[in-house]
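**Student:** this one's structure only:
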């Protein structure tokens, strides 16, 4: 983890600029074997009226073979207040020492370096050099320490100019401890990186503090850390001008004395246990900062307190990181000058890469530069780091174990807790006290995807059949038998961990216990050791206590003029055989068409050809067919083919423009009820229901589009009629789910008609301005994906929790007739529900929080089952434990769904302000109660929430949450419905799109590596894929290689690509690159479970403006803030809260 021991130790540096008052700096560290280490130099510049500068070094000699030791260098310029530095060391490997550069305007300085080395016969030891220029008072040097017999070292050298009293000479130890690096910059507000988690050695290593000017109150930075592993330097302090005194301390090897702290910022009460890792980033704006080093010095990676590495100022990596951030090892130009100029430095890049060139003093014309976005926390970097550190096997045998990110590829081994693919919590250490949860403002919520598809090679969910006895349940709370139950009394009874009730074990379920108190058949019963499993349900879990039939699929097709003209009818009829083949052979299918009337079709195989039955009275819909409407797919295939040939001929010349949507849905529901089946309606609709003779008539509200983004926008987003809400509730009662496929050319009021899909657990799919030749593959691809999913029909879900907490609010597509049961006419593998959990009472630290999610459903084969998910979470008494165990992706999913739900109740301004204030409170509370005392102007981000500002900004600028009048009300409502059904993986990619180079210097489709979602990453000679789970853009630079264009599109140059007509890559081009790129796009569509339309965007085309909306780190065209701008705003909000 730490790498091989380096050779000669590098030198730490302290640069202090003018205008600084007293600043004692103390660094205590351990030492080991080093060689060829010179000792300190003191450079004092003209104009100084200072008191003597004592330099003291103490220590014992090295073991045999140790060469000269390098000690600290002091560069002191005039007018500076005193600076003291102390370094002491024990016994570790090669370490750097301190160097002080003190600029004009500073008074006297004092340095002390003390350390203990091993007995040795030392080689010649160079001593301190003092370069003291005119008008300076005497400078003294003193060395003390215990030495073993050694070769006499050369005496001290003093370079003293006129008017200076010489310093006494002395010998010096061969080894000096690693000391601090202080960089003092001009015009920078404070930035501190605090990582107080313990390292592998059991002692916290030091941190980095970046402190800039313009701070009103006195800063005080205390960074306790120790070091007993080779190659671990201490902290770095970057201090800017016009600052009051700054004591800094770094803890030493075991036994070293830690000096008293002098905090200027109010110190918080102590927190037991190590504080979670955090990061601090520069205040805004900041001048340019750069890595630098002295000629002949070796820069080494610097360890953070979390055991990871610092790549430079303002950087740290997560706890447990195993790879270093890169630090430049190239000597910088201009560093050997005896008279050091003032300078401004840019923090090293956040992530990998060499440091920038040597620093230079900014000119007056340059002024202060804005922050480099690449220095800010990167979503791509976090994902890649998590993949490297947490990819592989994830065992669920520990309570409250924080899972890998959803973007990480990992394998689940289920040993008692549900896979995070099924259930994710926003926190895995739950505050025992409600006050702590309120104070942090972090939501306690679950996002549940009961049927999420397992990864490749993961075990399938086991099914338990207990026969007529049925599942064993708690006598009080009715929780199902699970690993959360504890058997007592020799196995005759069990205690429920949710409600603490004790229940008798049924005789047929009894089994003896072993010497550990576990049932001897534990590993034979999945319900006793697995986190997720299923039960075969008995008749008492079925409607009317009767076992169900196989669910059916009914295709309800609008055959009005719009759908005929667009080519949709011909497309569906020509592809219907392929569509229904996605279903199991026994699954019944049926067909209904409608315009101003509703048409049923008899597809009984015994008939020679299909028959049509028309119901003209749409106001009083009923089912006219008793037999032949629903037929198993395998038996009906011939009749379906015949019917699909007749429908285009029957309605090809239609002039009817009305389509009675409501009665058509009622017809499908009545057909399923008549056959005593549950099922799903796939409704293909095209126009606003305006018929005067049919219920569900709606008026056109498109003129209200201008209200979007204003305080009155909720009048456009709420349903204008309760008819479709009532219809949706009726469908839920019958176990009928409705999926809407909308093909509108004008306003269709998605907000209103979408209610029938929302309440029944269905989905809303929208294809505006549909053209069969362009959009046909996308529609057929989506339908096949939807029919192929794992679907649970006629479902009821209940979330049970342990004493002290309870589920309160639910977000998603569902219906609730009471406060506990979530009714879902259907739910599939791509549907997620968010559940907020609140405290009822305090929880003891020993109890923990236990959750059981039970889903009762009917499989597509007609079997009634119970799917059980169990989750055990820790409880905590300290905020630091809470912040260490947050799951940001789940928090964002919950906040987005909660915000969309509230958007129809509040104004957009209040909604956005509420999100920002909640985000600021999360970070401000951490800063106040968990972070080490530091400058008020510093932006400190906890490790688990360091991407919170980025993701919150993405949520606020998304069209689903904060759409403007640039999009239509229908588009806004459709996106709201879509996000409300998303699971955590989908929201991650929707809010932060994936930008992947596919051509150019860094482009590859074989091993694609995403980059930050910013236009700065685009280059003229490259091509990129940008996708967010709904759209795919292929951006092609103007200077991309012509050979690549020929290989992909089969044309000679970029101008010959028909970007408006191409939604799929040409399949007649069979080059190797084309085949690999098409395979990559297919894989994206498969992962997102949506046949995303491909849009080709040439550089400087008008479609670039559309694509730029999804480059979320840049400033939006509507004035939405960029990532860096939002950080500035968030920083201001946090400081405002801290000052209250």
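**Tutor:** Yes, it's here. Since we're looking at a predicted model, the values are computed, not measured.
**Student:** For residue 687, see how far away residue 772 is.
**Tutor:** To residue 687, residue 772 is 17 Å away according to Cβ to Cβ, to the nearest Å. For every residue, glycine as well, the C-beta is placed using N, CA and C.
**Student:** Who has more neighbours out of those two?
**Tutor:** For residue 772 versus residue 687, neighbours defined as other Cβ atoms under 10 Å are more numerous around residue 687 (21 against 17).
**Student:** For that one, give me its contacts.
**Tutor:** Listed by Cβ atoms under 8 Å, 6 or more residues apart in numbering, the contact set of residue 687 reads 558, 560, 562, 657, 658, 659, 744, 746, 748.
**Student:** next one: residue 657
**Tutor:** 560, 561, 562, 687.
**Student:** rerun at 6 Å
**Tutor:** By Cβ atoms under 6 Å, 6 or more residues apart in numbering, the contact set of residue 657 is 560, 561.
**Student:** what packs against the longest helix along the chain?
**Tutor:** Ordering each helix of the chain by length in residues (DSSP state H) puts helix 908-929 first. For helix 908-929, the elements it packs on are helix 948-957, helix 1123-1138, judged by 3 or more Cβ pairs under 6 Å, 6 or more residues apart in numbering; DSSP states H and E.
**Student:** Can you tell me which of those helices has the worst average pLDDT?
**Tutor:** Per-segment mean pLDDT for these reaches its minimum on helix 1123-1138, at a mean of 93.
**Student:** buried residues in it?
**Tutor:** 1123, 1124, 1125, 1126, 1127, 1128, 1130, 1131, 1133, 1134, 1135, 1137 (16 or more other Cβ atoms under 10 Å).
**Student:** and the angle from that helix to helix 908-929?
**Tutor:** Per axes from the mean of the first three to the mean of the last three Cα atoms, to 10 degrees, the angle that helix 1123-1138 makes with helix 908-929 is 70 degrees.
**Student:** Can you list the low-confidence ranges for the chain?
**Tutor:** Across the chain, the ranges flagged by pLDDT under 70 are 1-370.
**Student:** quick revisit: filter the contacts of residue 687 down to the buried ones, PyMOL style.
**Tutor:** The following PyMOL line selects those of the contacts of residue 687 that are buried, judged by 16+ other Cβ under 10 Å:
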select buried, resi 558+560+562+658+659+744+748
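**Student:** Now tabulate the contacts of residue 687 in CSV and tack on distance to residue 785.
**Tutor:** Output for the contacts of residue 687, formatted as CSV (distance: Cβ to Cβ, whole Å):
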residue, distance to residue 785
558, 22
560, 26
562, 25
657, 31
658, 31
659, 26
744, 22
746, 28
748, 23
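**Student:** Which of the contacts of residue 687 sits closest to residue 607?
**Tutor:** residue 558 (25.3 Å; Cβ to Cβ).
**Student:** residues touching that closest one, list them.
**Tutor:** By Cβ under 6 Å, 6+ apart, the contact list for residue 558 reads 659, 684, 685, 686.
**Student:** and the strand or helix carrying the second one, what does it pack onto?
**Tutor:** So the one you mean is residue 684. If you go by DSSP states H and E, residue 684 is part of strand 679-685. When contacts are defined as 3+ Cβ pairs under 6 Å, 6+ apart, strand 679-685 sits against strand 552-558, helix 661-674, strand 736-742.
**Student:** what angle do the longest one and strand 679-685 make?
**Tutor:** Taking the same axes, to 10 degrees, one finds helix 661-674 and strand 679-685 inclined to each other by 160 degrees.
**Student:** start to end distance for stretch 713-722?
**Tutor:** In stretch 713-722, first residue to last residue: 19 Å (Cα to Cα, to the nearest Å).
**Student:** Now do the buried residues in that stretch.
**Tutor:** 713, 714, 716, 717, 719, 721.
**Student:** Which ones among these map onto helices?
**Tutor:** Of these, the ones assigned to helices by DSSP H are 714, 716, 717.
**Student:** Now do the second one against residue 940, distance only.
**Tutor:** To residue 940, residue 716 is 41 Å away according to Cβ to Cβ.
**Student:** repeat for the last one
**Tutor:** Here residue 717 is placed at a distance of 38 Å from residue 940 (Cβ to Cβ).
**Student:** rewinding a little: nearest to residue 1013, of the ones in helices among the buried residues of stretch 713-722?
**Tutor:** Set against residue 1013, the nearest of these by Cβ to Cβ is residue 717 (27.5 Å).
**Student:** quick one on the thing from earlier: pick out whichever of the ones in helices among the buried residues of stretch 713-722 sits closest to residue 544.
**Tutor:** residue 717 (38.7 Å).
**Student:** got a markdown table for the helices and strands packed on helix 908-929, with distance to residue 1104 too?
**Tutor:** Below are the helices and strands packed on helix 908-929 laid out as a markdown table (distance: least, Cβ to Cβ, whole Å):
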| stretch | distance to residue 1104 |
| --- | --- |
| helix 948-957 | 18 |
| helix 1123-1138 | 20 |
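**Student:** hang on, the earlier thing: which one of the buried residues of stretch 713-722 is nearest residue 600?
**Tutor:** residue 721 (26.1 Å).
**Student:** so what's that closest one closest to, chain neighbours aside?
**Tutor:** residue 752 (5.8 Å; Cβ to Cβ, 6 or more residues apart in numbering).
**Student:** With residue 987 instead?
**Tutor:** Closest residue to residue 987 apart from its sequence neighbours, by Cβ to Cβ, 6+ apart: residue 893 at 4.5 Å.
**Student:** three-state assignment of that neighbour?
**Tutor:** At residue 893 the chain is in helix, as set by DSSP: H, G, I helix; E, B strand; the rest coil.
**Student:** give me every residue that touches it.
**Tutor:** Counted by Cβ under 6 Å, 6+ apart, residue 893 has contacts 447, 984, 987.
**Student:** same thing but at 10 Å, please
**Tutor:** Contact analysis of residue 893 by Cβ atoms under 10 Å, 6 or more residues apart in numbering lists 406, 424, 426, 445, 447, 811, 832, 834, 887, 951, 955, 979, 982-988, 990-991.
**Student:** filter these to the buried ones?
**Tutor:** Applying 16+ other Cβ under 10 Å to the contacts of residue 893 flags 406, 424, 426, 445, 447, 811, 832, 834, 887, 951, 955, 979, 982-988, 990-991 as buried.
**Student:** In the stretch 351-500 of the chain, what residue spans correspond to helices?
**Tutor:** 379-390, 434-440 (DSSP state H, counting those that start in this stretch).
**Student:** and those, which is most packed in?
**Tutor:** helix 379-390 (a mean of 18; mean count of other Cβ atoms under 10 Å).
**Student:** other SSEs contacting that one?
**Tutor:** Helix 379-390 sits against strand 410-413, helix 948-957, helix 984-991, strand 994-999, with contacts defined as 3 or more Cβ pairs under 10 Å, 6 or more residues apart in numbering; DSSP states H and E.
**Student:** quick revisit: the strand holding residue 684 pairs with which strands, and in what direction?
**Tutor:** Neighbouring strands of strand 679-685 in its sheet, by DSSP bridges, are strand 552-558 (parallel), strand 736-742 (parallel).
**Student:** for the helix or strand following the last one, packing partners?
**Tutor:** It stands for strand 736-742. Counting by DSSP H and E, the next helix or strand C-terminal to strand 736-742 is helix 750-753. Applying 3+ Cβ pairs under 10 Å, 6+ apart, one finds that helix 750-753 makes contact with helix 661-674, helix 714-717, helix 723-734, strand 736-742, strand 764-766, helix 969-980.
**Student:** from those, which stretch is densest packed?
**Tutor:** Per residue and on average, the most neighbours among the helices and strands packed on helix 750-753 fall to strand 736-742, with a mean of 27 (mean count of other Cβ under 10 Å).
**Student:** Hey, what's the angle from it to helix 969-980? Just curious.
**Tutor:** Put simply, strand 736-742 runs at 140 degrees to helix 969-980, going by the same axes, to 10 degrees.
**Student:** Residue 752 against residue 698, yeah?
**Tutor:** Yes. Taking Cβ atoms under 10 Å as the definition, residue 752 is a contact partner of residue 698 at 5.8 Å.
**Student:** higher neighbour count, the two?
**Tutor:** The residue with more neighbours, out of residue 752 and residue 698, is residue 752; 23 against 20, by other Cβ under 10 Å.
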